[in-house]
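Enquirer: Next comes the sequence, and after it the predicted model I'd like to discuss.
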Amino acid sequence: MGSLGEILKHPNDLYPLLKLKMAARHAEKQIPCEPHWASCYSMLHRVSRSFAPVIQQLGPELRNAVCIFYLVLRALDTVEDDTSIPTDVKVPILIAFHRHIYDRDWHFSCGTKDYKVLMDQFHDVSTAFLELEKGYQEAIEDTTKNMGAGMAKFICKELETIDDYDEYSHYAAGLVGLGLSKLFNASDLASDRLSSSLGLLLQKTNIIRDYLEDINEIPKSRMFWPREIWSKYVNKLEDLKNEENSVKAVQCLNEMVTNSLMHVNGCLEFMSELREPDILPFFAIPQVMAIGTLAMCYNNINVFKGVVKMRRGLTAQIIHRTKTMADVYGAFFDFSCMLKSKVDKNDPNAAKTLSSLEAIQKTCRESGALNKRKSYIIRNELKYNSVLTVLLLIILSIIFASLSANRSSYWGWSIS
């Protein structure tokens with residue numbers, strides 16, 4: 001649920017963490033009893049700790065469709081990510097993947113850890129896919145076909161320009177936003193206008209955050225930062241992780257973050273136009289986490305030393321508090337303030353970064369929703385709540401005292 005030390009540092013995390021835990025247990029009870037569906041939801045939790053709780057907030061029909069949609073695209077992504085697969089083997093699989101999902105017997109062993117489990121048990125995903133309504137099947141097939149073709153195109157093509165970067169990000173994740181819109185259209189819930197922006201923001205955030213993991217990939221590095229950006233700062237992309245290049249590395253990182261910010265207003269416009277309020281959290285929570293991750297990564301040398309991630313308690317707070325567009329505008333405004341406070345006026349892209357952030361904040365202010373939000377994620381993060389901390393310590397003291405008083409009886413029971 002989160003370490004005791006982290007909870008003591010951030011006592012406001014406690015209630016959202018407990019609520020998230022309870023929601024996860026409730027969701028487990030709603031999983032279909034058929035073995036292949038149980039397998040799919042188990043894999044969903046293993047390959048996506050962030051998206052799984054968001055997906056399981058949907059109604060049963062959409063939940064099943066989005067679960068399979070996610071697993072199919074995660075499997076496709078696993079094939080693309082595995083650098084040990086020869087190109088002449090990988091490309092045909094990517095191109096034909098949309099046909100494999102109709103084959104209950106097809107699987108392809110690749111990837112590592114939980115992703116390997118997903119690929120080895122892909123027949124469960126296919127079996128569940130074939131039980132979805134035709135509209136959902138067609139939406140998933142179409143997205144998989146287009147994404148596989150786009151990924152195949154870039155297997156042998158380095159990302160040279162920003163246009164290449166945008167095109168690759170569209171194939172790798174922008175199509176996810178479009179595909180989700182098609183799934184929700186099948187339920188007559190959402191339009192697909194601007195939906196590509198959702199995937200582009202998420203994909204670019206992940207590419208920034210995962211720099212070190214990708215560049216250290218064995219047997220071959222994965223390079224998703226465009227040469228048009230990184231070549232301004234170093235001779236080779238892998239040079240960014242060298243300590244002697246730390247100043248240039250951070251400047252390059254800041255330009256990458258600034259590039260990602262261009263998609264924020266498109267995301268906000270898309271979410272503001274959703275016709276069904278109940279599905280807003282599904283789209284909004286990942287986007288709030290994306291802008292929050294960008295705020296954490298900006299001007300942060302640790303991106304080149306490891307993966308910068310939100311702590312679990314903050315993730316729980318975002319899931320707990322993101323219910324309405326007022327909450328969304330408030331979170332984007334707060335995280336943009338956090339990012340703005342980190343901008344160094346001497347950074348080469350400072351003016352462009354500040355301009356992008358001011359445009360985001362203007363959108364949030366003009367929505368008229370900022371004064372309607374119930375909580376301020378960043379302000380609560382920066383505010384140390386001593387009362388909650390004292391109460392938490394008192395509760396823990398009572399629990400530990402109770403355990404100590406009964407320790408001998410517990411040991412006696414276990415020995416006998």
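Expert: Sure, I can see it. Numbers count the residues shown, from 1 in each chain.

Enquirer: only C-alpha atoms for contact and neighbour calcs from this point on.
Expert: Will do.

Enquirer: So, low pLDDT: which residues of the stretch 251-400 of the chain?
Expert: Residues of the stretch 251-400 of the chain that meet the criterion pLDDT under 70 lie in 372-400.

Enquirer: where do the helices sit along the stretch 251-400 of the chain?
Expert: 264-272, 280-297, 312-321, 325-340, 350-366, 377-382, 386-405 (DSSP state H, counting those that start in this stretch).

Enquirer: Also the stretch 101-250 of the chain?
Expert: Applying DSSP H, counting those that start in this stretch to the stretch 101-250 of the chain gives helices spanning 113-120, 122-129, 134-155, 162-169, 175-186, 195-209, 211-215, 227-230, 246-261.

Enquirer: what's near enough to touch residue 64?
Expert: Taking Cα atoms under 8 Å, 6 or more residues apart in numbering, we find residue 64 in contact with residue 132.

Enquirer: Let me know the average pLDDT across the helix or strand in which it is found.
Expert: Using DSSP states H and E, residue 64 sits within helix 60-81. Averaged across helix 60-81, pLDDT comes to 95.

Enquirer: between that helix and helix 175-186, how many degrees?
Expert: Helix 60-81 runs at 160 degrees relative to helix 175-186, counting by axes from the mean of the first three to the mean of the last three Cα atoms, to 10 degrees.

Enquirer: Contacts for the helix or strand just after helix 60-81, please.
Expert: As assigned by DSSP H and E, the chain's next helix or strand after helix 60-81 is helix 87-100. Under the contact criterion Cα under 8 Å, 6+ apart, helix 87-100 has outside partners 76, 79-80, 106, 141-142, 144-145, 148-149, 151-152, 155.

Enquirer: Output the residues you listed as TSV; include the columns distance to residue 216 and neighbour count.
Expert: Converted to TSV, these look like this (distance: Cα to Cα, whole Å; neighbours: other Cα atoms under 10 Å):
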residue	distance to residue 216	neighbour count
76	21	22
79	18	26
80	16	23
106	31	16
141	33	21
142	33	16
144	28	27
145	29	16
148	24	26
149	26	19
151	20	22
152	22	20
155	18	14
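
Enquirer: Just flag the most distant two among these.
Expert: Greatest spacing in those, by Cα to Cα: 106 and 155 (22.7 Å).

Enquirer: got the buried residues for the helix holding residue 64?
Expert: Residues 62-81 are the ones in helix 60-81 that count as buried (16 or more other Cα atoms under 10 Å).

Enquirer: Could you tell me how far it lies from the centre of the chain?
Expert: Its chain's C-alpha centre and that of helix 60-81 lie 14 Å apart, by Cα atoms, centre = their mean, to the nearest Å.

Enquirer: before we move on, back to that, hey, least reliable of the helices of the stretch 101-250 of the chain by pLDDT?
Expert: helix 175-186 (a mean of 85).

Enquirer: okay, the angle between that helix and helix 162-169?
Expert: Using the same axes, to 10 degrees: helix 175-186 against helix 162-169 is 40 degrees.

Enquirer: Which elements pack onto helix 175-186?
Expert: For helix 175-186, the packing partners by 3 or more Cα pairs under 8 Å, 6 or more residues apart in numbering; DSSP states H and E come out as helix 60-81, helix 134-155, helix 195-209.

Enquirer: Identify all contacting residues around the second one.
Expert: Same thing as helix 134-155. Outside helix 134-155, the residues that touch it by Cα under 8 Å, 6+ apart are 65, 69, 72-73, 76, 80, 87, 90-91, 94-99, 101, 129-130, 168, 171-172, 175-176, 178-179, 182-183, 186.

Enquirer: same thing but at 7 Å, please
Expert: 65, 69, 73, 91, 94-95, 97-98, 129, 171-172, 175, 179, 182-183, 186 (Cα atoms under 7 Å, 6 or more residues apart in numbering).

Enquirer: Would you mind putting the CA coordinates of it into CSV?
Expert: What follows is helix 134-155, C-alpha atoms only, in CSV (Å, rounded to 0.1, in the frame of the first residue of the first chain):
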residue,chain,number,x,y,z
LYS,A,134,-18.6,-7.0,-33.0
GLY,A,135,-18.4,-3.2,-32.7
TYR,A,136,-15.7,-3.6,-30.0
GLN,A,137,-13.9,-6.3,-32.1
GLU,A,138,-13.7,-4.0,-35.1
ALA,A,139,-12.5,-1.0,-33.1
ILE,A,140,-9.7,-3.1,-31.5
GLU,A,141,-8.8,-4.8,-34.8
ASP,A,142,-8.6,-1.4,-36.7
THR,A,143,-6.4,0.2,-34.0
THR,A,144,-4.1,-2.9,-33.8
LYS,A,145,-3.7,-3.0,-37.6
ASN,A,146,-2.8,0.7,-37.9
MET,A,147,-0.5,0.6,-34.9
GLY,A,148,1.3,-2.5,-36.0
ALA,A,149,1.9,-1.1,-39.5
GLY,A,150,3.2,2.2,-37.9
MET,A,151,5.5,0.3,-35.6
ALA,A,152,6.9,-1.8,-38.4
LYS,A,153,7.6,1.4,-40.4
PHE,A,154,9.9,2.7,-37.6
ILE,A,155,11.7,-0.6,-36.8
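
Enquirer: just how off-centre is it within its chain?
Expert: On Cα atoms, centre = their mean, the centre of helix 134-155 falls 20 Å from the chain's centre.
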